[in-house]
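# fold the following and give me the result.
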Amino acid sequence: MIRLKTRPKTLLLAGFALGALVPLATAQERTAPVKTDKGPVTGLVADGVAAYKGIPFAAPPVGALRWKAPQAPAAWTAPFAADKYANDCMQLPFPSDAAPLGTPPAEDCLYLNVWTPSKPAGKALPVMVWIHGGGFVNGGSSPAVYDGSAFARHGIVFVSMNYRLGRFGFFAHPALRAENPKGPLGNYGFLDQIAALQWVKKNAAAFGGDPGNVTLFGESAGGGSVNTLMISGLAKGLFHKAICESGGGRSRGPISMRHITEAGTGPQGRPSAEAVGVAFAEKAGILTKGDGTEALAALRALPADKIINGMNLMSMGQQSDTYSGPMVDGVIVPEEAEPAFRAGRQAKIPYMVGANDREFGFFSPPAEQADGMFAPFGADKEKALRAYDPEGKDKSEAAVQLMSDQAMVEPARLLARLTAPVQPTYAYRFSYVASSLRAKEKGALHATEIPFVFSTVKAKYEAATTPEDLAMGEAMTAYWAAFARTGDPNGDGRPRWPVYTAAKDEIIDFTTAGPKPGPDPRRERLDFVDRLASAPPKP
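Numbers count the residues shown, from 1 in each chain. Just a heads-up that it's a prediction; the model follows:
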């Protein structure tokens, strides 16, 4: 239950927040303290929603805690003023980010945010936990498009988190193994996500939420994280429904993982994640000697900018020799998503999965390069090309569509086909383009569904927002909230979203004409992608 207190219209001091006085703005309506497992927190109220921002769920992962599992934060006694976002995790931001950060990045970043209805609901509310995207090297919980207020107005307790990124979050090295031979190792960003879910289990009830009804969802790297946590034993029982937005899922593709110690694993036969970590250390002038204690101390002493080394989402491909990304470590990540889902080792919970219709529309390969992209189809090349370019007019656009299908759209269908026989599954496509962009965009680009899912369309498109845009946002938020509530996105007179089966291959497509359920219109071309991806790799 959330109770409100009205504060005088003067400058107030909230007391000590983890030992520091925090000044409050004037004329703010502040909640009564909510008791978390580490101490009381207060938030701010606006338009029927109580928001609590910047709550620590783990100790700062700095100094000796760099490249260690998240540790419990220090407890506090005076109310913690949770009224602003904390730092997002350390990274090099890039100007064209679809969700620009609202705070500067820092290594001290393991904080989360909560939105909940300000008036008592009389019953425990469903909880949604959001994992942001950004290729595991960018992003955070502070972007305006991730505001959880709309979900709170739908009767949801909404939580967003930060997790370590880049080499801070995904790094392996023999010296780390020597320090902690029993693990877990390597995937510290996933451990942060699990720690946030453990915080939710302990504290959701204090904010009016039901810790037994938690929906985990994310987009891009966040969607891939959802799939990963569905197969991680360390996350078992921490969430009860899952939504993957544009999260990939194929082992053969741009998001395939290295193994932490085994070289030559995976379709590319690449070096192990530990070998990549050693390569980074050597480029930084740090050589492994003896048991590696000195090397590890030197790595932990490196300034943050040296760890980043100029890497972000746009440049990470140029550093694949010194950055592994998420890896199969055998404990946190026992295997990749595709083989686990094929074997039925994923969490058997209601599952929603989908992607955008033109994910990679920001690339435009020349026609000659586009022609080569269809060469792997072999004898089926011309048939596949006709499926993508029936009139033979635009090979470049056909290549854009092929990239989108291979990376995101077809893998989403694959996972839907694998989960549908054993758990309630709902598949979607997002084809809606904001009204102001239709003159120049041929389809929905990667991440463009987010402001509609969150009903934060105005935060994204500002004065260019139209009533049609707002209506699409309201519909998508309602579908997502209904799924979180019951495991079924339907209700309240919305077009009925069919349960997915491979035989019918029915999805819901969020189009410029509204939500449209029915058979997937891309089935023919996705079948070509499926056959190519499922074929044995060539020697």
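# three-state assignment of the closest residue to residue 144 other than its chain neighbours?
Leaving aside its chain neighbours, residue 144 sits nearest to residue 459 (4.0 Å; criterion: C-beta to C-beta, 6 or more residues apart in numbering). Heads up, the C-betas are built off the backbone N, CA and C, glycines and all. Per DSSP: H, G, I helix; E, B strand; the rest coil, the secondary structure class of residue 459 is helix.
# would you confirm that residue 459 contacts residue 145?
Yes. Residue 459 is within contact range of residue 145, at 5.4 Å (criterion: C-beta atoms under 8 Å).
# what touches both of these two?
Listed as contacting both residue 459 and residue 145 by C-beta atoms under 8 Å, 6 or more residues apart in numbering are residue 451.
# before we move on, back to that, how close does the residue nearest to residue 144 get to residue 98?
Using C-beta to C-beta, to the nearest Å, residue 459 is found at 12 Å from residue 98.
# now for the two: what residues contact both?
Counting by C-beta under 8 Å, 6+ apart, the common neighbours of residue 459 and residue 98 are residue 145.
# coming back round to it: residue 459 and residue 145: which has the busier surroundings?
Legend: neighbour count by other C-beta atoms under 10 Å for residue 459 and residue 145, higher for residue 145 (21 against 16).
# for that one, what are its contacts?
Taking C-beta under 8 Å, 6+ apart, we find residue 145 in contact with 98, 99, 450, 451, 454, 456, 459, 460.
# what about those, which are in helices?
Those of the contacts of residue 145 mapping onto helices are 450, 451, 459, 460, per DSSP state H.
# picking that back up, in a markdown table, list the contacts of residue 145 along with distance to residue 338 and pLDDT.
Putting these into a markdown table (distance: C-beta to C-beta, whole Å; pLDDT from 0 to 100) gives the following:
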| residue | distance to residue 338 | pLDDT |
| --- | --- | --- |
| 98 | 26 | 86 |
| 99 | 27 | 92 |
| 450 | 25 | 98 |
| 451 | 30 | 98 |
| 454 | 29 | 98 |
| 456 | 32 | 98 |
| 459 | 35 | 97 |
| 460 | 32 | 97 |
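# type out the PyMOL command that picks the buried ones from these.
To isolate the buried ones among the contacts of residue 145 in PyMOL, judged by 16 or more other C-beta atoms under 10 Å, type:
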select buried, resi 98+99+450+451+454+456+459+460
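# for the contacts of residue 145, which one is nearest residue 293?
residue 99 (39.8 Å; C-beta to C-beta).
# that closest one against residue 448, yeah?
No. The criterion here is C-beta under 8 Å, and residue 99 misses it with residue 448 at 10.7 Å.
# if we can go back for a sec, among the ones in helices among the contacts of residue 145, which one sits closest to residue 244?
In terms of C-beta to C-beta, no member of the ones in helices among the contacts of residue 145 lies closer to residue 244 than residue 450, at 13.5 Å.
# that closest one against residue 98, yeah?
Yes. Counting by C-beta under 8 Å, residue 450 sits close enough to residue 98 to count as a contact (7.2 Å).
# secondary structure element for residue 476?
helix 467-486 (DSSP states H and E).
# in that helix, what's buried?
In helix 467-486, counting by 16+ other C-beta under 10 Å, buried: 469, 472-485.
# check stretch 482-501 too.
Neighbour-count burial for stretch 482-501 [16+ other C-beta under 10 Å]: 482, 483, 484, 485, 487, 489, 490, 494, 497, 498, 500.
# switch those residues over to TSV; also include pLDDT.
Output for those, formatted as TSV (pLDDT from 0 to 100):
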residue	pLDDT
482	98
483	99
484	98
485	98
487	98
489	98
490	98
494	98
497	98
498	98
500	98
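# can you redo these as a markdown table with distance to residue 408?
As requested, those are exported to a markdown table (distance: C-beta to C-beta, whole Å):
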| residue | distance to residue 408 |
| --- | --- |
| 482 | 24 |
| 483 | 20 |
| 484 | 23 |
| 485 | 27 |
| 487 | 24 |
| 489 | 20 |
| 490 | 25 |
| 494 | 24 |
| 497 | 20 |
| 498 | 21 |
| 500 | 17 |
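# looking at those, spot the one nearest residue 424.
residue 487 (5.8 Å).
# was I right about that closest one contacting residue 243?
No. Counting by C-beta under 8 Å, residue 487 sits too far from residue 243 to count as a contact (11.0 Å).
# can you tell me, leaving aside adjacent residues, what's nearest to residue 222?
Nearest to residue 222 is residue 131, by C-beta to C-beta, 6+ apart, at 3.6 Å.
# how about residue 158?
residue 148 (3.3 Å).
# in the sheet, who's paired with residue 29?
residue 6 (DSSP bridges).
# oh, I was asking about residue 128
residue 158, residue 215.
# which ones are touching it?
With C-beta under 8 Å, 6+ apart, residue 128 has these contacts: 148, 151, 156, 157, 158, 159, 214, 215, 217, 480, 481, 484.
# counting neighbours, what do you get for the third one?
Same thing as residue 156. Counted by other C-beta under 10 Å, the residues lying close to residue 156 total 25.
# got a list of what it touches?
125, 126, 127, 128, 148, 481, 484, 485.
# and residue 419, by the same measure?
By C-beta under 8 Å, 6+ apart, the contact set of residue 419 is 341, 346, 351, 353, 425.
# just residue 526 next, same as before
405, 409, 410, 413, 520.
# can you show me the CA trace of stretch 306-317 as CSV?
The C-alpha trace of stretch 306-317 is given here as CSV (Å, rounded to 0.1, in the frame of the first residue of the first chain):
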residue,chain,number,x,y,z
LYS,A,306,40.6,2.4,-21.1
ILE,A,307,38.2,-0.4,-20.5
ILE,A,308,35.7,1.1,-23.0
ASN,A,309,38.5,1.8,-25.5
GLY,A,310,36.2,3.8,-27.8
MET,A,311,33.7,1.0,-28.1
ASN,A,312,30.0,1.5,-28.6
LEU,A,313,27.2,0.0,-30.6
MET,A,314,28.5,1.5,-33.8
SER,A,315,32.1,0.5,-33.4
MET,A,316,32.0,-2.8,-31.5
GLY,A,317,32.4,-4.9,-34.6
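# now what about it, what contacts it?
Against stretch 306-317 from outside (C-beta under 8 Å, 6+ apart): 90-94, 96-97, 134-135, 137-138, 166-168, 280, 284, 319, 322-323, 325.
# select only the buried ones of those in PyMOL?
The PyMOL command for the buried members of those (criterion: 16+ other C-beta under 10 Å) is given here:
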select buried, resi 90+91+92+93+97+134+135+137+138+166+167+168+280+319+322+323+325
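# picking that back up, what is the burial count for the residue nearest to residue 222?
The burial count for residue 131: 29, using other C-beta under 10 Å.
# for residue 449, see how far away it is.
To residue 449, residue 131 is 15 Å away according to C-beta to C-beta.
# in the chain, what secondary structure element scores lowest on mean pLDDT?
Least confident helix or strand, the chain: strand 12-17 with a mean of 30, by mean pLDDT, DSSP states H and E.
# got the contact list for the most centrally placed residue in the chain?
Among the residues of the chain, the one closest to the centroid is residue 222, at 1.4 Å (C-alpha atoms, centre = their mean). Listed by C-beta under 8 Å, 6+ apart, the contact set of residue 222 reads 130, 131, 132, 133, 139, 245, 247.
# could I get the contacting residues of the third one?
It refers to residue 132. Applying C-beta under 8 Å, 6+ apart to residue 132 gives the contacts 99, 139, 140, 141, 143, 146, 160, 218, 219, 221, 222.
# measure the residue lying closest to residue 106 once chain neighbours are set aside to residue 102 for me?
Distances taken as C-beta to C-beta, 6+ apart put residue 87 closest to residue 106, at 3.8 Å, once the chain neighbours are dropped. Going from residue 87 to residue 102 by C-beta to C-beta gives 10 Å.
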